[in-house]
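**Student:** Next one to model:
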Amino acid sequence: MQQTLKPADAAKRLLTWYDRHHRDLPWRVSPPMARDGVAADPYHVWLSEVMLQQTTVQAVKPYFHKFLALWPKVTDLASADTEEVMKAWAGLGYYARARNLKKCAEAVASEHFGVFPDTEAGLKALPGIGDYTAAAVSAIAFNRQSAVLDGNVERVISRLHAIETPLPSAKPQMRVLVAQMTPADRPGDFAQGMMDLGATICTPKRPACALCPLNENCLALKTADPETFPRKAPKKEKPLRVGAAFVASRTDGSVYLQKRGETGLLGGMTEVPGTPWTSRVDGDNTVSAQPFAAPWEACGTISHVFTHFELRLSVYRANVANENKTGNGWWEPLASLEGQALPTVMKKAIAQAIPHAFKGGPGSPKT
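**Tutor:** Numbering: from 1, shown residues only. Below you'll find the predicted structure:
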């Protein structure tokens, strides 16, 4: 059977490929600049890595630029208003990341004088930073020999070694193999090279194996179908939860909004009134759950898929002429609705009731 490359030889081949074919990304220092002594900004690396979790590079780019324009340094982000941070994050999803982002910035500013720790252990002690982010920042920003394992790297390493153990059980084995490959002299470039290889060549479907610098020793390519790696445990069917959303508008066009509690799913985000659904419990989806008396009428349903469940909301709308309100709500002008900290599911509900509410029309909340 064909043997895999020695770890050092595999790293050398990968780095040669990366020097020629690396992606130009706004948070990245290119290999030529790195060789000239230009170091990656830890703030930029950390910010991009947090944003990239469960999100594509193309989706992240405009958010990255927006955050740097608003808060050029980590100390600026630390002193920012939390509501403004949530507004800037709206549309990226997984909103616990935004809350942890703010907490981490505050910790760096108050406990480390605005300077990120330069070790995995120091980074992991910060709020919201786990194994992957700590390894990525320490390798890319501080040139530490850390084993960086994201989804792209998992795919590359699983195919290279034809790992039969399904994810997530295979992660410890994969981390050991990546650690063996990671060179001491260019660990950050190696980590980014593995990410780029997985993103551009060793893709989930139809990988361009002929162009891969490691193809001669890829066990999956030699003995099986690379597309079947990494092996994955059977997915559990996501439960369906239901609830209701109530979109009220006044004659001046403003929409009634309120803020969710700070904890739990979508914590701290802006919403329209609705019923208290969770990942485990259905909410009332009938008009009887209305937040206040108004001429509510049904206007269809919307669906949104979260990590662990699918949510289906019955949407009701009402036009009111008075100051009907409840709890901590307020009336937001339609012109400024786009700038509110509305998660995608709430944008979908509003667009269902008021098709012209967002600039892009009903389709705009898909971001």
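
**Student:** Can you list the neighbours in contact with the helix or strand of the chain with the lowest mean pLDDT?
**Tutor:** When each helix and strand of the chain is scored by mean pLDDT, DSSP states H and E, helix 31-35 comes last, with a mean of 81. Here helix 31-35 makes contact (C-beta atoms under 8 Å, 6 or more residues apart in numbering) with 18-19, 22, 40, 188-189. From N, CA and C alone the C-beta is placed, and that goes for glycine too.

**Student:** Stretch 134-151 too?
**Tutor:** With contacts defined as C-beta under 8 Å, 6+ apart, stretch 134-151 is touched by 39-42, 45-46, 49, 116, 118-121, 123-124, 129, 132, 157, 171, 174-176, 178-179, 182-184, 186-188, 190-192, 194-195, 198.

**Student:** In ChimeraX, select just the buried ones from the residues you listed.
**Tutor:** A single ChimeraX command suffices to select whichever of these are buried according to 16 or more other C-beta atoms under 10 Å:
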select :40,41,42,45,46,49,116,120,123,129,132,157,174,175,178,182,183,186,187,188,190,191,192,194,195,198
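
**Student:** Which members of the contacts of stretch 134-151 occur in helices, if any?
**Tutor:** If you go by DSSP state H, the contacts of stretch 134-151 have 42, 45-46, 49, 120-121, 123-124, 132, 157, 171, 174-176, 178-179, 187-188, 190-192, 194-195, 198 in helices.

**Student:** So for residue 275, what's the nearest residue that isn't a sequence neighbour?
**Tutor:** Nearest non-adjacent residue to residue 275, counting by C-beta to C-beta, 6 or more residues apart in numbering: residue 283, 3.2 Å away.

**Student:** and the one you found, how far is that from residue 98?
**Tutor:** As judged by C-beta to C-beta, to the nearest Å, residue 283 and residue 98 stand 24 Å apart.

**Student:** what about those two, which has more around it?
**Tutor:** Counted by other C-beta atoms under 10 Å, residue 283 and residue 98 do not tie: residue 98 has more neighbours, with 25 against 19.

**Student:** residue contacts, that one?
**Tutor:** 85-86, 89, 92.

**Student:** ok, now with 6 Å
**Tutor:** 86, 89 (C-beta atoms under 6 Å, 6 or more residues apart in numbering).

**Student:** same thing with the one 5 residues further on?
**Tutor:** Residues in contact with residue 103 (C-beta under 6 Å, 6+ apart) are residue 127.

**Student:** Restricting to C-alpha, output the host helix or strand of it in CSV.
**Tutor:** In this structure, residue 103 is located in helix 96-111 according to DSSP states H and E. Presented in CSV, the C-alpha positions along helix 96-111 are these (Å, rounded to 0.1, in the frame of the first residue of the first chain):
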residue,chain,number,x,y,z
ALA,A,96,-23.1,34.1,21.0
ARG,A,97,-19.9,34.7,19.1
ALA,A,98,-20.6,38.5,19.1
ARG,A,99,-21.3,38.5,22.8
ASN,A,100,-18.1,36.6,23.5
LEU,A,101,-16.2,38.8,21.0
LYS,A,102,-17.1,41.8,23.2
LYS,A,103,-16.2,40.1,26.4
CYS,A,104,-12.9,38.9,25.0
ALA,A,105,-12.0,42.4,23.8
GLU,A,106,-12.8,43.8,27.3
ALA,A,107,-10.6,41.2,28.9
VAL,A,108,-7.6,41.9,26.6
ALA,A,109,-8.0,45.6,27.3
SER,A,110,-8.5,45.4,31.0
GLU,A,111,-6.3,42.4,32.0
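
**Student:** Pull out the buried positions in it.
**Tutor:** 97-102, 104-109.

**Student:** domains for this structure, by residue range?
**Tutor:** Annotated domains of the chain cover 7-228, 240-366 [automatic domain parsing].

**Student:** which one of these lies closest to residue 234?
**Tutor:** Residue 234 lies closest, by C-beta to C-beta, to one member of these: domain 7-228, at 8.8 Å.

**Student:** Look up how far residue 132 lies from residue 232.
**Tutor:** 18 Å.

**Student:** Report how many residues lie close to residue 279.
**Tutor:** Neighbours of residue 279 under the rule other C-beta under 10 Å: 14.

**Student:** Provide a list of residues in contact with the residue nearest to it when sequence neighbours are not counted.
**Tutor:** Nearest residue to residue 279, sequence neighbours excluded (C-beta to C-beta, 6+ apart): residue 309, at 4.7 Å. Residues near residue 309 by C-beta under 6 Å, 6+ apart: 238-239, 241, 279.

**Student:** Kindly state the pLDDT recorded for residue 156?
**Tutor:** With respect to pLDDT, residue 156 scores 97.

**Student:** I'd assumed residue 201 was in contact with it.
**Tutor:** No: with contact defined as C-beta atoms under 6 Å, residue 156 does not reach residue 201; the gap is 8.7 Å.

**Student:** Sweet, I'm off.
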